[in-house]
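*Asks:* sequence? don't have it. structure:
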């Protein structure tokens, strides 16, 4: 994948994280995950980007980029199809953390999973959920075959998939390289905590980090997340359909509508608290301390 590095570096130097569209190089928000926003930059057509301003030096950013490449390779070995993507370390700007950009081939908005569950007939939505669950199954088979040397995690919610016009499912959420080697997590969880306000990191470290990271290695929790994501995407009436599709033929403790709803309430609490604290941190930084806030936060999220 070719990327205009001079343009990307100019964007980093002139970025206004709290007002993306006011940046020196024009940019536009496309969407958001729970930690990082997804945006496009004028001059880089066809690319969706995430910015991770998490690193104290270039060496650590490059190590993360190497883990990203390895994670994508592992998912591909497991049998998943991924869009073209590349991790790029921006030229450091004095006085700021080093930023790493994940650039991914942009996908048609109407083919994303969260769009398809609003446009497809009910029978095709069932087929989509079954197909996503089968793709997730590939990861668990891969982990069994590679144990104990390698274990790969996956965030399988419906919004992390795109169905191409040719009927191929692509997995999108590769920017957090979650995998273990001989039982040891390759990603330093402290990096994720850097996206949280400093005054609350001790609590998040104690209450949330293990819960959030470990869930993506647990088949039942990953399938629960797939079904629960339908609630977040404003289609709660599809949960019974998803539960039936996911339970069919899988050797995990069966999901129930009630267990999915409970999972969703817990998940919503975690991410609502996290985002609320980040917004407070941004307000304190920009309005009280008059200092730069590095993260691009989403607007109001419907849950």
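*Replies:* Sure thing, it's come through. Computed from a predicted model, the values in this text were never measured in an experiment. Numbering: from 1, shown residues only.
*Asks:* which helix in the chain has the most residues?
*Replies:* helix 257-283 (DSSP state H).
*Asks:* helices or strands next to it in the packing?
*Replies:* Counting contacts by 3 or more Cβ pairs under 8 Å, 6 or more residues apart in numbering; DSSP states H and E, helix 257-283 packs against helix 219-232, helix 239-247. In short, each C-beta sits where N, CA and C put it, glycine included.
*Asks:* any chance of those helices in a markdown table with distance to residue 148 and mean pLDDT as columns?
*Replies:* Converted to a markdown table, these look like this (distance: least, Cβ to Cβ, whole Å; pLDDT from 0 to 100):
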| stretch | distance to residue 148 | mean pLDDT |
| --- | --- | --- |
| helix 219-232 | 17 | 97 |
| helix 239-247 | 27 | 97 |
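*Asks:* quick check: chain neighbours aside, which residue is closest to the most centrally placed residue in the chain?
*Replies:* When Cα atoms, centre = their mean is applied to the chain, the residue found nearest the centroid is residue 173 (4.7 Å). Nearest residue to residue 173, sequence neighbours excluded (Cβ to Cβ, 6 or more residues apart in numbering): residue 160, at 4.0 Å.
*Asks:* got a pLDDT number for that neighbour?
*Replies:* In this model, residue 160 is scored at 96, pLDDT.
*Asks:* how about the one 10 residues further on?
*Replies:* pLDDT for residue 170: 98.
*Asks:* before we move on, what about residue 293?
*Replies:* Note for residue 293: predicted pLDDT of 87.
*Asks:* how near is residue 28 to residue 52?
*Replies:* 19 Å (Cβ to Cβ, to the nearest Å).
*Asks:* run through the residues that contact residue 32.
*Replies:* Contacts for residue 32 were tallied using Cβ atoms under 8 Å, 6 or more residues apart in numbering; they are 38, 297, 298, 301.
*Asks:* confirm residue 99 sits in a helix?
*Replies:* No: using DSSP: H, G, I helix; E, B strand; the rest coil, the assignment for residue 99 is strand, not a helix.
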